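>>> what follows is a predicted protein model with its sequence.
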Amino acid sequence: MKLTRWMYWTLACSALFALSACASASAPMRAATGWTERIAAEVNPHLALLEGQTRGATEAECVPGPVWATSVPEERRLKPRVEILEFTDFECPFCVRAQGTLDRVLEHFGPCTVRITTVPKPLPMHPGARDGAIVAARAAQDGPQAHARMHRALFEASEGLSAEQLKTLAKDAGLTESDVEQALADPELAAFVDWGVFVGDHGDARGTPTFYVNGHMVRGAQSFETFSEIIEGELQFSRDREGRWGDRWLTGRLALNAPVVYALMLEGRRITELPGSEEEEELADEDEEELPKELEIHQVDVKEGDPSRGKASAPVTIVTFSDFECHYCVKLDQTLAKVREYYGEQVRFVAKQYPLAFHKTARPAARAALCAQEQDAYWPYHDGLYEFGARFRESDLFALAEKLKLNMKKLKRCMSKKKTDARVDADMAQGEELGVAGTPVSFVNGFKINGAAPFSHFKALIDAALGPEAER
């Protein structure tokens, strides 16, 4: 009897385990295409839908390896090195025209080298475009393949996308009429589409189609040759950087070349939270120049006497031009402290002085900090100055020195010397040659970052510089 009962429970448990295993096996397994891997979904929940709006292969489908690996088909040898963000409108005739070019790009470069992510940007003049974008987003919930079918069907119809027509087109993506009705009433899908419009409007993708190729903007239905030139440049740049590829590399390229789109999209930031900089007053009324799009790395010379912390052999060097009276510099200093804590000896930090003319105490503060360096106290003095929150008087400079127990006579004598002023002037001249006009400006292994960018912005560039296999 005991044996029978034991056998009964064994069979019952086995059956339950089998049912559980079948349930797990039948659940859809969706490979990540990069968006939800890059940043936590709670920061920006819309990234989960972008996961389904991506064309091209997933990293799991691509085999890393050298270009001469003949045993692997060419289109599967590399992991993604280029990502195209496509801000599009399903009733836009120019967007329809661009689809053939994008198909040719994927065919020519291979889905393991280039991937394309669709970001909804329905224009007000196209009455059915917003509903089309919502239904496409609903298809994306079922995965990239369903979205690709819906995406193609919408562009083939392209004009006059009524609710009834959407129900007919949705069948190609495996959606029912009920699915379409529920999607059009779903506030989360509507919010996703509105978010795409918001990112486009404030990321300078106001018209459609607009593309960002690793952050490089391409407006309109441009030719294959236009895309090819940018992509070839990015691929060569990737090879020159020891063959960088993957999500870290792509995130870093977007952060560098399109920082506003990066901040709004990958961080879910508001306009008031975008990276800022404190520029000279006479520059305030001038039109903002477009960020440089060249692929070159800035050569930022670090002199032997420049204040630095961290090993000179560190794989990443961050050089920052700052002003002790600049509020954005205070904010950036807090971010750099997080970078220092997170990466440890992998990053070296170098300070350059760039006191702005309209900050009366900034130059004396720069001189005082450099003179504190002569007493091996630059960084304690630097940190102490930033604790004032950009609000201090000249008398505070000496009070801080006394607090740090510096030799006051030696400090004052150093501050009055012309060579100390000359050091400040040399830093400013170097900054001007590098295009620095306001503060703060940082260079991560030569990659330029304007303003008080957040930790995640620096992390993207540092991870890209360290390479795909780097660990903390």
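Alright, I've got the coordinates.
>>> ok so F349 is a strand residue?
Yes - under DSSP: H, G, I helix; E, B strand; the rest coil, F349 sits within a strand.
>>> who's in contact with F224?
By C-beta atoms under 8 Å, 6 or more residues apart in numbering, F224 lies in contact with 101, 104-105, 108. Where C-beta positions appear, they are placed from N, C-alpha and C, glycine not excepted.
>>> now, of these, which are buried?
101, 105 (16 or more other C-beta atoms under 10 Å).
>>> make JSON lines from the contacts of F224 and add pLDDT, distance to P364 and secondary structure to it.
Output for the contacts of F224, formatted as JSON lines (pLDDT from 0 to 100; distance: C-beta to C-beta, whole Å; DSSP: H, G, I helix; E, B strand; the rest coil):
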{"residue": "T101", "pLDDT": "97", "distance to P364": "57", "secondary structure": "helix"}
{"residue": "R104", "pLDDT": "96", "distance to P364": "60", "secondary structure": "helix"}
{"residue": "V105", "pLDDT": "96", "distance to P364": "55", "secondary structure": "helix"}
{"residue": "H108", "pLDDT": "92", "distance to P364": "59", "secondary structure": "helix"}
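>>> pick out whichever of the contacts of F224 sits closest to L411.
V105 (60.8 Å; C-beta to C-beta).
>>> state the distance from the closest residue to that closest one other than its chain neighbours to R253.
Using C-beta to C-beta, 6 or more residues apart in numbering and skipping the chain neighbours, the partner closest in space to V105 is F227 (5.4 Å). As judged by C-beta to C-beta, to the nearest Å, F227 and R253 stand 15 Å apart.
>>> residues in contact with the helix or strand hosting V135?
Assigning secondary structure by DSSP states H and E places V135 in helix 129-140. Applying C-beta under 8 Å, 6+ apart, the contact partners of helix 129-140 are 49, 51-53, 89-92, 118, 120, 122-123, 146-147, 149-151, 154, 161, 163, 166, 169-170, 173-175, 179-180, 182-184, 186, 189-190, 192-193, 196.
>>> buried subset of these as a PyMOL selection?
Buried residues within the contacts of helix 129-140, by 16+ other C-beta under 10 Å, are selected in PyMOL with:
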select buried, resi 49+51+52+53+89+90+91+92+118+120+122+123+146+147+149+150+151+154+161+166+169+170+173+175+179+180+183+184+189+190+192+193+196
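>>> from the contacts of helix 129-140, which land in strands?
Judged by DSSP state E, strands contain the following of those: 118, 120.
>>> which residues touch the residue nearest the centre of the chain?
Compute the mean C-alpha point of the chain, and by C-alpha atoms, centre = their mean the closest residue is A255, 3.4 Å away. By C-beta under 8 Å, 6+ apart, the contact list for A255 reads 215, 262, 266, 457, 460-461.
>>> and which of those residues is nearest to D142?
Nearest to D142 among the contacts of A255, with distances taken as C-beta to C-beta, is L266, at 23.8 Å.
>>> does the closest one touch S456 like I think?
Yes - L266 is within contact range of S456, at 7.3 Å (criterion: C-beta atoms under 8 Å).
>>> on that earlier part again, any idea which of the contacts of F224 is closest to G435?
For those, the nearest to G435 is V105 (31.6 Å; C-beta to C-beta).
>>> right, and that closest one touches I231 too?
Yes - V105 is within contact range of I231, at 7.1 Å (criterion: C-beta under 8 Å).
>>> overlap in contacts, the two.
V114.
>>> least confident secondary structure element in this protein?
In the chain, the helix or strand scored least confidently by mean pLDDT, DSSP states H and E is helix 2-26, which has a mean of 36.
>>> follow-up on the earlier one: go ahead and report the secondary structure state at the residue nearest to V105.
Assignment for F227 (three-state DSSP): helix.
>>> how far away is it from R152?
Taking C-beta to C-beta, one finds F227 at 19 Å from R152.
>>> between those two, tell me which one has more neighbours.
F227 (24 against 15; other C-beta atoms under 10 Å).
>>> so what's the more buried one up against?
F227 neighbours (C-beta under 8 Å, 6+ apart): 84, 101, 105, 211, 213, 218.
>>> ok, of these, which one's closest to P315?
V213 (27.2 Å).
>>> who does that closest one bridge with?
Judged by DSSP bridges, the bridge partners of V213 are I84, H216.
>>> and which of the contacts of F224 is nearest F324?
Of these, the one sitting nearest to F324 (C-beta to C-beta) turns out to be V105, at 48.0 Å.
>>> what's the average pLDDT for stretch 447-460?
Stretch 447-460 carries an average pLDDT of 88.
>>> so which bits of whichever helix or strand E107 is part of are buried?
For E107, the host element (DSSP H and E) is helix 93-109. For helix 93-109, burial by neighbour count (16+ other C-beta under 10 Å) applies to 95-96, 98-99, 101-102, 105-106, 109.
>>> just the CA trace of it, in CSV.
Output of helix 93-109 as CSV, limited to C-alpha atoms (Å, rounded to 0.1, in the frame of the first residue of the first chain):
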residue,chain,number,x,y,z
PRO,A,93,5.1,59.0,-49.8
PHE,A,94,8.8,59.8,-49.2
CYS,A,95,8.9,57.2,-46.4
VAL,A,96,7.4,54.7,-48.9
ARG,A,97,10.2,55.5,-51.3
ALA,A,98,12.9,55.1,-48.6
GLN,A,99,11.8,51.5,-47.9
GLY,A,100,13.4,50.1,-51.0
THR,A,101,16.7,51.8,-50.1
LEU,A,102,16.6,50.3,-46.5
ASP,A,103,15.9,46.8,-48.0
ARG,A,104,18.9,47.3,-50.2
VAL,A,105,21.1,48.4,-47.3
LEU,A,106,20.1,45.2,-45.3
GLU,A,107,20.7,43.0,-48.3
HIS,A,108,24.1,44.6,-49.1
PHE,A,109,25.6,44.9,-45.7
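>>> neighbours around the nearest residue to V444 once chain neighbours are set aside, how many?
Excluding the flanking residues, the one nearest V444 by C-beta to C-beta, 6+ apart is L461, at 4.5 Å. Neighbour count for L461, taken as other C-beta under 10 Å: 25.
>>> for L461, give me its contacts.
L461 neighbours (C-beta under 8 Å, 6+ apart): 252, 255-256, 444-445, 447, 449.
>>> can you read off the pLDDT for the residue nearest to T320 when sequence neighbours are not counted?
Among residues not flanking T320 along the chain, S442 sits closest, at 4.5 Å (C-beta to C-beta, 6+ apart). With respect to pLDDT, S442 has a value of 96.
>>> now do E51
pLDDT, E51: 86.
>>> same deal with E296?
61.
>>> same check, this time on R363
97.
>>> in contact with it, which residues?
Taking C-beta under 8 Å, 6+ apart as the definition, contacts of R363 comprise 355, 424.
>>> that one is in what secondary structure piece?
helix 362-373.
>>> could I have that helix exported to CSV, CA atoms only?
Extracted in CSV, the C-alpha atoms of helix 362-373 (Å, rounded to 0.1, in the frame of the first residue of the first chain):
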residue,chain,number,x,y,z
ALA,A,362,36.6,81.5,-11.4
ARG,A,363,40.1,82.5,-12.5
PRO,A,364,41.5,83.1,-9.0
ALA,A,365,40.0,79.7,-8.1
ALA,A,366,41.8,78.1,-11.0
ARG,A,367,45.0,79.7,-9.9
ALA,A,368,44.5,78.6,-6.3
ALA,A,369,43.8,75.0,-7.4
LEU,A,370,47.0,74.8,-9.5
CYS,A,371,48.9,76.3,-6.6
ALA,A,372,47.4,73.7,-4.2
GLN,A,373,48.8,71.1,-6.7
